[in-house]
Structure formats: structure tokens, C-alpha cells
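Undergrad: Quick one, fold the following:
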Amino acid sequence: QVQLQESGPGLVKPSQTLSLTCTVSGDSITTNYASWNWIRQPPGKELEGIGRIHNSGTTTYSPSLKSRTSISRDTPKNQFTLQLTSVTPEDTAVYYCARVTREGDFDWGQGTQVTVSS
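TA: As a prediction, this is how the structure comes out:
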């Protein structure tokens, strides 16, 4: 059974870079039947996809966040990371990592609150 766990700072100052890591167990992030995703939910708003990394290592980003987003991976550690630059208070959200299979099934991490504030 796959498990995902987000980790990283809960508080980031405006204009700085938000960095989160997702540690995966029970599956390999190089598997060819799933992608590894970052998703967030701002307070009072719907879930928003940020981007994903595929088994090949290629990445896909939300157009609205693409200029500020980078997703990478550390295959020996079975981790993938999110970096979001130049954050503002509007980036305050619960951030989730998730595995999405080819069939469209989601497995979620528990989520981590990130607040952007000085």
C-alpha cells in the first residue's frame, strides 16, 4: 500500500521560496503507471493542481503557476520535491502530494499547512 508524506516549513516569508518534499513508501516514483503530483487548497477555495512529475522525469505544470514552479525528484530516496518561488500571502494553502494512476485513482498524503506571512 502506497503512503505519501509531505514535509517542509509551515511558515514562509513573502518573496521567498516555498520548498516541500514528498516521501513515498510502498511504490517507486519511477513506476510507469502513475504520476506524482502536487496539489494545494487555499482557505475557502477548491483544490488546485500545481504540477506533476512523470516516471520519465518530465514535468507538467499548471499554466497559472508555471513561471514560479519547479518539481524534481531524488530517486534513491524515493522523494519528489516542490519549489514555488516569489511567494505571496495568496500562496497560503494546505499542500498535498498525491499519486495518480493511469486509471485516475488518487492516493494522497495527509497534507501540510503552509502560511506565507512576514
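
Undergrad: can we go C-alpha only for contacts and neighbour counts from here?
TA: OK.

Undergrad: Same question for the most centrally placed residue in the chain, what's its three-state structure.
TA: The centroid of the chain falls nearest to residue 38 when counting by C-alpha atoms, centre = their mean (2.6 Å). When classified by DSSP: H, G, I helix; E, B strand; the rest coil, residue 38 comes out as strand.

Undergrad: what pairs with it across the strands?
TA: Beta-bridge partners recorded for residue 38 (DSSP bridges): residue 51, residue 97.

Undergrad: swap in residue 83?
TA: Beta-bridge pairing of residue 83 under DSSP bridges involves residue 19, residue 70.

Undergrad: show me where this structure has strands.
TA: All strands of the chain, identified by DSSP state E, fall at 3-7, 11-12, 18-25, 34-41, 48-53, 59-61, 69-74, 79-84, 93-101, 106-108, 112-116.

Undergrad: Output those in CSV, with mean pLDDT appended to each entry.
TA: What follows is these, written out as CSV (pLDDT from 0 to 100):
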stretch, mean pLDDT
strand 3-7, 98
strand 11-12, 98
strand 18-25, 98
strand 34-41, 97
strand 48-53, 98
strand 59-61, 97
strand 69-74, 98
strand 79-84, 98
strand 93-101, 97
strand 106-108, 97
strand 112-116, 98
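
Undergrad: Does the residue nearest to the centre of the chain touch residue 59 like I think?
TA: No. Checked against C-alpha atoms under 8 Å, the pair residue 38 and residue 59 is beyond contact range at 11.2 Å.

Undergrad: what touches both of those two?
TA: 51, 52 (C-alpha atoms under 8 Å, 6 or more residues apart in numbering).

Undergrad: what's the closest non-adjacent residue to residue 28?
TA: residue 78 (6.5 Å; C-alpha to C-alpha, 6 or more residues apart in numbering).
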